[in-house]
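Student: Build the 3D model from these lines:
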Amino acid sequence: MAVFASRPQRTSVLQRREARAGYFFVLPWILSLLIFTAYPVIASLYLSLTDYNIVSSPRWIGMENYRTLSSGDPSFWISVWNSAYYALISVPVGLVVSLGLALILNLRATGIGVYRTLFYLPSLAPPVAGTIIFVVMFNPQGGLINQMLQLVGLPALGWFADPKWAKPGLIILSLWGVGVGTLVFLAGLKEIPQSLLEAAAIDGANAWQRLRHVTLPLLTPVTLFNLVMGVIGSFQVFTSAFVIGGTTGTPLESTLMYMVLIYRNAFRYFKMGYASALSVLLFVTVLIVTLSIFRSARLWVFQEDGEQD
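Tutor: Numbers count the residues shown, from 1 in each chain. Now for the predicted structure:
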C-alpha cells in the first residue's frame, strides 16, 4: 500500500519541476514583454496626460493634449488625411499585386524558384536604401520613370516634388515590399487541395471560374492575415515619408504622415506629452480598425469545408 500511496506524490513533484523549468524558459520572453512593450504603453498613456519636454519633470495637465489635437494643431488633420489616403489605396493595391505575383509564382515552370527568390529580395533591402533608389528613379528632372513616360508619349510628372503626385509616389514605393505578402499568398495557394481544382475542371469550369469560385474563397484566411498586417503597416509608415519629405512633409505637407507628426513633436519640438497623446490615439484607431476587420471576417472568410468563420 505504501508503494501505491507514494506514486501521486512523486507525480506531483515531477509536475512542479516541469512547471518551474517551463517558467524559467518563458521568463526572458515575459521580461521582454513587460519591459519593452507593456511599460512603454503604460508610460505613453500617462505621459499623454502631462506636459513633458524631457528636461523637466512631467506636469499633469489632464486632457489638454487631446483637446489640442482636434482644435489647436492644423497639421494633425493633414497627417490624418494623408495617412488615411495612403492606407485606403496602398492596402488594396498591395493585396492585388501580391496575389497576382503569387498566382504567377505558383505556376509550374522551369526556374520558378529563382523568380520567387528575386521577388522576395527587395523586402530584405534596408527601407532607407530602397527609398533613395525610388527618389532617384522618380526624379522629375531626368528620372528613369519620367523618361519611360516620355518614350510612350505621356507627360513627365513632378512625383515627390509635386503635392498632387507625392502620395501616389509613396503608394507606388510601398509596392517595393510586397514580397512578404506574396510569399504568404503563395503558401496559401500551396495548401489548396488540387482535388478541388480538378473536380471543378471536370465539371467544366474554366481558369477564371476556378480562380473565382475555388481559389479565392479558400484563400480568404490568408487574405485576412495580409489585410490586417497591411492595415497596421500602412498606419505606421514612417521611413519612406521621412526620407522624402523630412519632418515638414515636403512638398506642402503632402508627405506628412501620422508617424512623422509624432516624430516631429517628440524629437524636434520635444513635446513628449503631446507626442504620447498622438501615439495613444493611433493605438486606439488601429485597434478599432483591426477589431472591425475581424468582426467582418465572419461574413467573407471561408474554410475548406465551404463554411464561413
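Student: Find me the pLDDT at the spatially most central residue of the chain, would you?
Tutor: By CA atoms, centre = their mean, the chain has its centre lying nearest to G233, at 2.1 Å. pLDDT for G233: 94.
Student: Double-check that it belongs to a helix.
Tutor: Yes. G233: assigned to a helix according to DSSP: H, G, I helix; E, B strand; the rest coil.
Student: how near is it to M63?
Tutor: To M63, G233 is 30 Å away according to CB to CB, to the nearest Å. All C-beta spots, glycine's among them, are computed from the backbone N, C-alpha and C.
Student: Show me the helices in the stretch 201-309 of the chain, by range?
Tutor: Per DSSP state H, counting those that start in this stretch, the stretch 201-309 of the chain carries helices over the ranges 207-210, 216-218, 220-235, 239-245, 258-267, 272-300.
Student: With respect to L154, which of these lies nearest?
Tutor: Closest approach to L154 among the helices of the stretch 201-309 of the chain is made by helix 239-245 (22.5 Å; CB to CB).
Student: hmm, back to that, same list (the helices of the stretch 201-309 of the chain) but as TSV, adding distance to A199.
Tutor: TSV is the format used below for the helices of the stretch 201-309 of the chain (distance: least, CB to CB, whole Å):
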stretch	distance to A199
helix 207-210	10
helix 216-218	13
helix 220-235	19
helix 239-245	45
helix 258-267	48
helix 272-300	23
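Student: how about those helices, which one is nearest E18?
Tutor: That would be helix 220-235 among the helices of the stretch 201-309 of the chain, by CB to CB, at 33.3 Å.
Student: Distance of W159 relative to G142?
Tutor: For W159 relative to G142 (CB to CB), the value is 12 Å.
Student: again, but for Y263
Tutor: 31 Å.
Student: Equivalent analysis for R59, please.
Tutor: Distance from R59 to G142, by CB to CB: 53 Å.
Student: do the same with V97
Tutor: For V97, the distance to G142 - CB to CB - is 27 Å.
Student: So which of those two has more stuff around it?
Tutor: The neighbour comparison of V97 against G142 (other CB atoms under 10 Å) goes to V97, with 15 against 9.
Student: What is the burial count for the residue lying closest to F283 once chain neighbours are set aside?
Tutor: Closest residue to F283 apart from its sequence neighbours, by CB to CB, 6 or more residues apart in numbering: V41 at 7.5 Å. By other CB under 10 Å, the residues close to V41 number 12.
Student: Next: W176.
Tutor: Neighbours of W176 (other CB under 10 Å): 16.
Student: was I right about it contacting F134?
Tutor: Yes. Counting by CB atoms under 8 Å, W176 does reach F134; the two are 7.0 Å apart.
Student: What pLDDT does the model give E307?
Tutor: pLDDT, E307: 54.
Student: What of R7?
Tutor: R7 is given a pLDDT of 56.
Student: One more: L69?
Tutor: pLDDT, read off for L69, is 88.
Student: now swap in the one 5 residues further on and tell me
Tutor: Here, the pLDDT recorded for P74 equals 90.
Student: about what we covered before: nearest to S12 among the helices of the stretch 201-309 of the chain would be which one?
Tutor: When the helices of the stretch 201-309 of the chain are compared (using CB to CB), the closest one is helix 272-300, at 40.4 Å.
Student: buried ones in the closest one?
Tutor: Applying a neighbour-count criterion of 16 or more other CB atoms under 10 Å, one finds 272-282, 286, 290, 297 buried in helix 272-300.
Student: Which neighbouring elements make contact with it?
Tutor: Contact partners of helix 272-300 among helices and strands, from 3 or more CB pairs under 8 Å, 6 or more residues apart in numbering; DSSP states H and E: helix 39-47, helix 64-71, helix 220-235, helix 258-267.
Student: Need those helices in JSON lines (columns: distance to L211).
Tutor: Converted to JSON lines, the helices and strands packed on helix 272-300 look like this (distance: least, CB to CB, whole Å):
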{"stretch": "helix 39-47", "distance to L211": "42"}
{"stretch": "helix 64-71", "distance to L211": "45"}
{"stretch": "helix 220-235", "distance to L211": "13"}
{"stretch": "helix 258-267", "distance to L211": "36"}
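Student: Return the most buried member of those helices.
Tutor: A comparison of these by mean neighbour count, using mean count of other CB atoms under 10 Å, puts helix 258-267 on top with a mean of 21.
Student: Show me how far it is from its chain's centre.
Tutor: 18 Å (CA atoms, centre = their mean, to the nearest Å).
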